[in-house]
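J.: Just to be clear, the model below is a prediction. Sequence and coordinates:
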Amino acid sequence: MRLPPAILANTEEVLREILRFSAPADSTLSRYFKDHPRLGSRERGAVAEGIYAILRNKSFFTDFAEAGASPTMRRLTILGLAEAVGVDSLGGLTEEETEFLNRIQEIDRNLMPPQMRSNLPKWLFDKFVAQYGEAETLALSHALNQPAPLDLRVNSIKATRDEVVAGLAEAPIEAMPMPYAPLGLRVLKKPTLQNLPLFKSGAIEVQDEGSQVLSQIVGAKRGEMVVDFCAGAGGKTLALGALMRNTGRLYAFDISEKRLAKLKPRLARSGLSNVHPVQIAHERDAKIKRLAGKIDRVLVDAPCSGLGTLRRNPDVKWRQKVEAVAEMQEKQASILDGAARLLKGGGRLVYATCSLLDEENDFIVEQFLAAHPEFDLVPMSKVLAEQKIDLEMGDYLKLLPHKHQTDGFFAAVMERKPMAPKPPKDKPADEIDADADE
Ligand SMILES: C[S@@+](CC[C@H](N)C(=O)[O-])C[C@H]1O[C@@H](n2cnc3c(N)ncnc32)[C@H](O)[C@@H]1O
């Protein structure tokens, strides 16, 4: 069935706003839908998918849209909607526009210059080529320009993976176990989940497989003291709390009250009672000091450029700036430094990002280790073997959309060396040393 011609006007209207890049595309879209309550769910879906298709393919769509008689914005809209819903579902095109679309469909995209084929801004294309080489950059950018699949995490304190597969089948929703995340399921279509009893009861959460693997490698165990330093809306917090079997104490820190507020309803659904959300002012907050040297595991899921999530947030590549990456590095180093104080001897510190740039990843970890001889790197190959995750990695976890079909993620695990016992208060330190020599 064809979409009503008015969809073209709606998409063009919201596109104009989104291309100003003054706010994230998903929040602009939500606001637009709230202001246009008459749009049905099929129409809303078409507008959103059309916008995302334009953001994913902006470089070559813009190039084509600029050549022709009708206004560029209208042509961009037509290209995006045709890509998202198919030419046959589009109503209200003029003859000239239909011809334009047919011409574009015949173009072999492989003949375009590499940067245009990648649909990345020049600064980012250059950075990726320097790091991955041109052939891999093209494979990576191709994967980043596809919509992400829908991944679920089974909440192991509420259900098993098999029970969830059976429950989804009744809906009927087909779901496949995922290769790396032991509690992960990939849903083949994209059904609405919010009204399913499995969702309402907290037996499932939406979470990318890469994000699930990252929670798993923290290695949090029953009864431990754990800190999720940059918990946000709690995607990884919830996974950690379940891995701890709802025991011990899991602090969810973040500076953002708004993000922590989003964690609350998810927490209520999850049935976890071991999670303690705490808003902190910054990474040196006095609330953190009280826990110094007492924590078994700390996850720093650091704020980053977010370039690993382009499948979901294609606007990020156009909104992100090269200068912002440098600013981000300073923040990442400072947060990692602040979080490291929490660990007890033998405790593990996990640094993670959803960035694909070495400068936010390897570089931050190497700089940290050089300044903190009290920490040793635990090779990721060892950590993955401990967790029985069948992934080939060296020192670090580097999940890549074109290789692992996940969002792009980086993680490193560092272990604090055992601490020297503190001298008793009534005995001077040099006396303790003399005793130890005997
Ligand atoms: C990558 S997001 C975290 C995503 C979250 N862990 C999840 O799995 O959904 C980074 C978070 O770091 C928070 N943040 C930024 N600066 C911080 C700081 N100095 N201390 C703690 N959290 C901070 C941001 O508010 C944001 O929620």
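T.: Yes, it's here.

J.: Helix, strand, or coil at residue 299?
T.: Taken by DSSP: H, G, I helix; E, B strand; the rest coil, the conformation at residue 299 corresponds to strand.

J.: which residues touch it?
T.: Counting by Cβ atoms under 8 Å, 6 or more residues apart in numbering, residue 299 touches 215, 218, 226-230, 236, 240, 350, 352. Glycine gets a C-beta too; all of them are placed from N, C-alpha and C.

J.: Those residues in helices, which ones?
T.: 215, 236, 240 (DSSP state H).

J.: What about the closest residue to the ligand within the stretch 51-200 of the chain, how many residues nearby?
T.: Nearest residue of the stretch 51-200 of the chain to the ligand, counting by Cβ to the nearest ligand atom: residue 153, 11.2 Å away. Neighbour count of residue 153, defined by other Cβ atoms under 10 Å: 26.

J.: quick one: secondary structure of it?
T.: Taking three-state DSSP, the label given to residue 153 is strand.

J.: What are the boundaries of the strands in the stretch 151-300 of the chain?
T.: Under the criterion DSSP state E, counting those that start in this stretch, the stretch 151-300 of the chain contains strands at 175-177, 184-187, 204-206, 225-228, 249-254, 275-279, 295-301.

J.: Could you tell me the angle between the lengthiest strand in the chain and strand 295-301?
T.: In the chain, ranked by residue count with DSSP state E as the criterion, the top strand is strand 343-353. Relative orientation of strand 343-353 and strand 295-301, computed by axes from the mean of the first three to the mean of the last three Cα atoms, to 10 degrees: 20 degrees.

J.: if we look at stretch 152-165, which residues are touching it?
T.: Here stretch 152-165 makes contact (Cβ under 8 Å, 6+ apart) with 167, 175, 177, 181-187, 193, 198, 201-207, 212, 238-239, 242-243, 245-246, 270-272.

J.: Please repeat the previous calculation with a cut-off of 6 Å.
T.: 175, 183-185, 202-205, 207, 212, 242, 246, 270-271 (Cβ atoms under 6 Å, 6 or more residues apart in numbering).

J.: and if you look at stretch 131-145?
T.: Contacts for stretch 131-145 (Cβ under 6 Å, 6+ apart): 56, 118-120, 128-129, 310-311, 358, 401-402.

J.: try it again with 10 Å
T.: With contacts defined as Cβ atoms under 10 Å, 6 or more residues apart in numbering, stretch 131-145 is touched by 53, 55-57, 109-110, 114-115, 117-120, 124-130, 307-311, 314, 317, 356-359, 400-408.

J.: How about the stretch 1-150 of the chain: which residue is closest to the ligand?
T.: Closest point on the stretch 1-150 of the chain to the ligand, by Cβ to the nearest ligand atom, is residue 24, at 13.4 Å.

J.: which phi and psi does that residue have?
T.: phi -60, psi 140 (degrees, to the nearest 10).

J.: So what's the residue count around residue 221?
T.: 14.

J.: what's near enough to touch it?
T.: So, once contact is read as Cβ under 10 Å, 6+ apart, residue 221 ends up touching 243-245, 247-248, 296-297.

J.: Now tabulate those residues in CSV and tack on pLDDT and neighbour count.
T.: Listed next are the contacts of residue 221 as CSV, based on pLDDT from 0 to 100; neighbours: other Cβ atoms under 10 Å:
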residue, pLDDT, neighbour count
243, 98, 23
244, 98, 24
245, 97, 15
247, 98, 13
248, 98, 18
296, 98, 21
297, 98, 25
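
J.: Under the pLDDT cut-off, which ranges of this structure? List them.
T.: The chain contains residues with pLDDT under 70 at 68-69, 425-438.

J.: how's it carved up into domains?
T.: 6-107, 117-145, 150-206, 209-416 (automatic domain parsing).

J.: Show me the one of those domains that comes nearest residue 422.
T.: domain 209-416 (9.9 Å; Cβ to Cβ).

J.: C-alpha coordinates for the helix or strand just after the longest strand of the chain, CSV please?
T.: Counting by DSSP states H and E, the next helix or strand C-terminal to strand 343-353 is helix 362-371. Extracted in CSV, the C-alpha atoms of helix 362-371 (Å, rounded to 0.1, in the frame of the first residue of the first chain):
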residue,chain,number,x,y,z
ASP,A,362,44.4,2.4,23.3
PHE,A,363,46.0,5.8,23.8
ILE,A,364,44.1,6.5,27.0
VAL,A,365,44.8,3.1,28.5
GLU,A,366,48.6,3.3,27.6
GLN,A,367,48.8,6.7,29.1
PHE,A,368,47.0,5.5,32.3
LEU,A,369,49.3,2.5,32.7
ALA,A,370,52.4,4.6,32.2
ALA,A,371,51.3,6.9,35.1
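
J.: Buried ones in the helix or strand following helix 362-371, by neighbour count?
T.: Sequence-wise, the next helix or strand downstream of helix 362-371 (DSSP H and E) is strand 375-378. Residues 375, 377-378 are the ones in strand 375-378 that count as buried (16 or more other Cβ atoms under 10 Å).

J.: Return the member of these nearest to residue 259.
T.: The closest of the buried residues of strand 375-378, once distances to residue 259 are taken by Cβ to Cβ, is residue 375, at 27.7 Å.

J.: rewinding a little: any chance of JSON lines for the contacts of residue 221, columns distance to residue 148?
T.: JSON lines is the format used below for these (distance: Cβ to Cβ, whole Å):
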{"residue": "243", "distance to residue 148": "23"}
{"residue": "244", "distance to residue 148": "28"}
{"residue": "245", "distance to residue 148": "29"}
{"residue": "247", "distance to residue 148": "33"}
{"residue": "248", "distance to residue 148": "32"}
{"residue": "296", "distance to residue 148": "32"}
{"residue": "297", "distance to residue 148": "28"}
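
J.: filter these by proximity to the ligand?
T.: Contacts with the ligand are made by none of those, judged by Cβ under 6 Å from any ligand atom.

J.: Filter those residues down to the ones in helices?
T.: residue 243.

J.: how near is residue 414 to the ligand?
T.: Counting by Cβ to the nearest ligand atom, to the nearest Å, the gap from residue 414 to the ligand is 18 Å.

J.: pretty sure that residue contacts residue 375?
T.: Yes. Contact criterion Cβ atoms under 10 Å: residue 414 and residue 375 qualify, at 4.4 Å.
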